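Visitor: no FASTA, just this:
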């Protein structure tokens with residue numbers, strides 16, 4: 001999975017850019033998911049499915065015509081902060097299986113995901129670019145001579161695809177476990193973008209213990225991973241038919 005954040009101020013072309021990018025990626029055989037951080041309360045007057053939430057329903061699901069739409073109110077998510085946003089995005093990404101995930105919003109995100117900044121003036125762009133920025137663009141943007149690549153808003157499809165494919169990176173576990181030798185996942189991701197490290201150095205993602213819950217991968221820090229590994233291995237090696245090899249256990253509840 002390769003996630004990319006598209007962030008900037010309103011009406012700078014983020015949605016239009018993503019809508020254009022989806023068929024470009026799909027035409028090259030990639031699966032694509034989109035995540036949007038709304039940043040404000042959803043208007044519950046739009047349809048029956050959301051009006052039920054206004055009346056007090058905890059969840060409202062609509063399905064038919066090949067689509068399933070789920071709206072769920074979570075009281076514990078009312079008060080967003082940077083730590084919560086990072087955790088929530090991580091949780092959402094773990095439930096997706098697409099090769100590319102296009103994320104709209106999150107100007108203040110501080111995690112290990114590359115981003116493209118949208119701004120129509122040099123001041124807007126400079127305010128938002130940071131070490132994880134791979135490019136900047138915007139409906140009325142120009143090349144401002146910054147140390148970050150400028151993507152013309154009408155860049156040809158082939159060149160846009162090449163840029164996105166070459167500058168996106170695999171999702172990093174975002175656990176800040178330090179097992180890769182870097183203090184944070186953001187530092188590791190920055191060096192991954194620069195080609196100085198390999199994603200296999202992200203131990204929770206490429207180690208010898210994997211855990212899935214409801215088909216969603218759960219990345220484990222070193223201590224938890226080692227304890228789980230030792231417990232399982234210590235149990236099964238005493239079984240009559242035990243032999244060395246990969247151990248896979250499925251527990252249904």
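Guide: That came through, no problem. A quick note: this is a predicted structure, and the numbers were derived from the prediction, not measured.
Visitor: mind listing the strands for this protein?
Guide: Listed in chain order, the strands of the chain (DSSP state E) span 2-8, 32-36, 59-64, 67-72, 100-104, 115-118, 133-137, 211-213, 216-218.
Visitor: Mind giving me the packing neighbours of the fifth one?
Guide: For strand 100-104, the contact count by 3 or more C-beta pairs under 8 Å, 6 or more residues apart in numbering; DSSP states H and E identifies strand 2-8, helix 14-27, strand 32-36 as packing neighbours. Every C-beta, even on glycine, is put in place using the N, C-alpha and C of the backbone.
Visitor: which secondary element of this structure has the worst mean pLDDT?
Guide: strand 216-218 (a mean of 64; mean pLDDT, DSSP states H and E).
Visitor: for the helices and strands packed on strand 100-104, which one ends up most surrounded?
Guide: strand 2-8 (a mean of 23; mean count of other C-beta atoms under 10 Å).
Visitor: Show me what that strand is in contact with.
Guide: Residues outside strand 2-8 that contact it (C-beta atoms under 8 Å, 6 or more residues apart in numbering): 14, 17-18, 93, 99-107, 109, 113-119, 124, 128, 134, 138, 164, 168-171.
Visitor: Mean confidence (pLDDT) on it, please.
Guide: Strand 2-8 comes out with an average pLDDT of 95.
Visitor: what angle do that strand and strand 32-36 make?
Guide: 40 degrees (axes from the mean of the first three to the mean of the last three C-alpha atoms, to 10 degrees).
Visitor: Strand 2-8 pairs with which strands, and in what direction?
Guide: Paired neighbours of strand 2-8 in the sheet (DSSP bridges): strand 100-104 (parallel), strand 115-118 (parallel).
Visitor: will you turn the ones you listed into CSV that also has mean pLDDT, mean neighbour count and distance to residue 75?
Guide: Listed next are the strands paired with strand 2-8 as CSV, based on pLDDT from 0 to 100; neighbours: other C-beta atoms under 10 Å; distance: least, C-beta to C-beta, whole Å:
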stretch, mean pLDDT, mean neighbour count, distance to residue 75
strand 100-104, 94, 22, 24
strand 115-118, 96, 27, 30
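Visitor: Rebuild those as a markdown table, extending it with distance to residue 10.
Guide: Converted to a markdown table, those look like this (distance: least, C-beta to C-beta, whole Å):
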| stretch | distance to residue 10 |
| --- | --- |
| strand 100-104 | 11 |
| strand 115-118 | 10 |
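Visitor: Out of these, the one nearest residue 226 is which?
Guide: Set against residue 226 and scored by C-beta to C-beta, the strands paired with strand 2-8 come closest in strand 100-104, at 30.1 Å.
Visitor: wait, residue 144 sits on residue 125?
Guide: Yes: here residue 144 reaches residue 125: they are 6.3 Å apart, a contact under C-beta atoms under 8 Å.
Visitor: who has more neighbours, these two?
Guide: Neighbour count, other C-beta atoms under 10 Å: between residue 144 and residue 125, residue 125 has more, with 24 against 15.
Visitor: any idea how far that one lies from residue 170?
Guide: 26 Å (C-beta to C-beta, to the nearest Å).
Visitor: which residues does the closest residue to residue 151 other than its chain neighbours contact?
Guide: With sequence-adjacent residues excluded and distances taken as C-beta to C-beta, 6 or more residues apart in numbering, residue 151 is closest to residue 137, at 4.2 Å. Residue 137 makes contact with 13, 17, 116-118, 150-153, according to C-beta under 8 Å, 6+ apart.
Visitor: Need the pLDDT of the nearest residue to residue 33 once chain neighbours are set aside.
Guide: In this structure, residue 33 finds its nearest non-sequential neighbour in residue 98, 3.9 Å apart by C-beta to C-beta, 6+ apart. At residue 98 the predicted local confidence, pLDDT, stands at 91.
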